[in-house]
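In: Next come a sequence and a model predicted from it.
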Amino acid sequence: MSMTSDKKYMICVWMNFPSHHQSTFFQALDERADVDLQVRYFHAPCGDRAAEGWADEHETRPYETFCEPNATPSALLAGVPAAAERVHLISRVFHPELVNHFVQKNVRWCHWSEAPGIRLAAAVGFRARLFRWLNPLMLLLKRGEGARMRASAVGVLAQGELARRAFRWMGVPAARIEALYYAPPALGSAKPCEKITSFAEGGRVFLSVGALCPRKGIDVLIRAFARLNAPEWKLVFCGLDKMGGEYQRLAKVLGVADRVLFLGAWPSERIAEVFAAADVFVLASRFDGWGAVLNEAASVGLPLIGTDLCGAAWHAIEPEKNGRVVKAGSVKELADAMERLASNQAALKEAGDHSARIFEEKLTPTANAERLVNALEKWGVHAS
């Protein structure tokens, strides 16, 4: 049954599962006077994410619903008020049958995703150089998918510059691509984590937050840290160890085990206290479609180091102003960036203040909601 709304923008977002990295963005959309929002989740939060510190339950808001398992596309849409009048935001990876239904029934939809490439990166063992060589070929092979977006989607929403470039390789015209990021809220103030401050013993802290695995470049970061001539600096990892102690052993072999703390996973609702104990944030990922931890680190005013294969680094970091962007997989470039920040501690506050300004200007949930509305307005996607 159709249900006409007086809102200018009628939107339904289809997500794989709830994420605290997007929920506040949805709240910002829902609070807009010109948006009528619905959000649908195909799956509940998974156990793997809970082990990494994510909440294992999700308190749904009035605009959110979990889909019935194995429901047909028609049944899925039947559960969305005024589904035919909405524009539907979805990644085809989440539910290709539903996207096919949109195409067949002329339902307005937008593709929204990170840059493709995670499967390729994993297949080549997260060897960044090999990935760089093969990624353009992989994207060219996806031109059929790009042609479908070009022919039937009202537009493509890219989670950052890496995604935009990928969609151009896939044949999507530049005018049909607009940015829409991951947009977690500012973390706010918190008492610094006592485990970190006790370990640092008054020294400075490089912090990395994320699972301990090859994709996150943990080995690269440990090797880079071992090259520093900065004994007052410590390195802290906060995240689930997926490698059975391999990185602890590497730190010992490199002679820095006494200056590296493996904190383990930390509850997402308390992550602010971990960031509050840090002086510089580092994301050494060999591939990260976005990397929302950079948003979070910027929000609390930390200088940032990220890699060029991390989507958020292109937007959260302005080189020489609030940090550095280094080549993924390069121990030397990462060590040089860390050495530069460690040797100029007087500039850390200015760099951190610049991170906070970037967050407030570009990365808040409210800014992201405005970004989406502007894209829909540009494409003429609004209620008649």
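Out: Thanks, I have it.

In: number of nearby residues for residue 238?
Out: Counted with other CB atoms under 10 Å, the neighbours of residue 238 add up to 25. Every residue, glycine included, has its C-beta placed from N, CA and C.

In: what do you get for residue 173?
Out: 12.

In: any idea how far residue 153 is from it?
Out: In this structure, residue 173 and residue 153 are 11 Å apart, going by CB to CB, to the nearest Å.

In: One more: residue 84?
Out: 16 Å.

In: of these two, who's got more company?
Out: A count of neighbours by other CB under 10 Å puts residue 153 above the other of residue 84 and residue 153, at 24 against 12.

In: Report the contact partners of the nearest residue to the more buried one once chain neighbours are set aside.
Out: Counting by CB to CB, 6 or more residues apart in numbering, residue 111 is the residue found nearest to residue 153 once chain neighbours are left out, at 5.2 Å. Listed by CB atoms under 8 Å, 6 or more residues apart in numbering, the contact set of residue 111 reads 90, 91, 92, 149, 153, 155, 156, 157.

In: which of these count as buried?
Out: 90, 91, 92, 149, 153, 155, 156, 157 (16 or more other CB atoms under 10 Å).

In: Now go through those residues and say which are in helices.
Out: residue 149 (DSSP state H).

In: The buried ones among the contacts of residue 111 into JSON lines, with extra columns for distance to residue 139 and pLDDT?
Out: Below are the buried ones among the contacts of residue 111 laid out as JSON lines (distance: CB to CB, whole Å; pLDDT from 0 to 100):
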{"residue": "90", "distance to residue 139": "20", "pLDDT": "96"}
{"residue": "91", "distance to residue 139": "16", "pLDDT": "93"}
{"residue": "92", "distance to residue 139": "15", "pLDDT": "83"}
{"residue": "149", "distance to residue 139": "13", "pLDDT": "94"}
{"residue": "153", "distance to residue 139": "17", "pLDDT": "96"}
{"residue": "155", "distance to residue 139": "19", "pLDDT": "97"}
{"residue": "156", "distance to residue 139": "13", "pLDDT": "98"}
{"residue": "157", "distance to residue 139": "17", "pLDDT": "98"}
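
In: Include distance to residue 17 when you put the buried ones among the contacts of residue 111 into CSV, please.
Out: CSV is the format used below for the buried ones among the contacts of residue 111 (distance: CB to CB, whole Å):
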residue, distance to residue 17
90, 14
91, 12
92, 17
149, 23
153, 23
155, 24
156, 22
157, 19
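
In: Let me see the contact set for the residue nearest to residue 8 when sequence neighbours are not counted.
Out: In space, and not counting its chain neighbours, residue 8 is closest to residue 34: 4.4 Å by CB to CB, 6+ apart. By CB under 8 Å, 6+ apart, residue 34 lies in contact with 7, 8, 9, 373.

In: Could I have the PyMOL command that selects the buried members from those?
Out: Provided next is the PyMOL selection string for whichever of the contacts of residue 34 are buried by 16+ other CB under 10 Å:
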select buried, resi 8+9+373
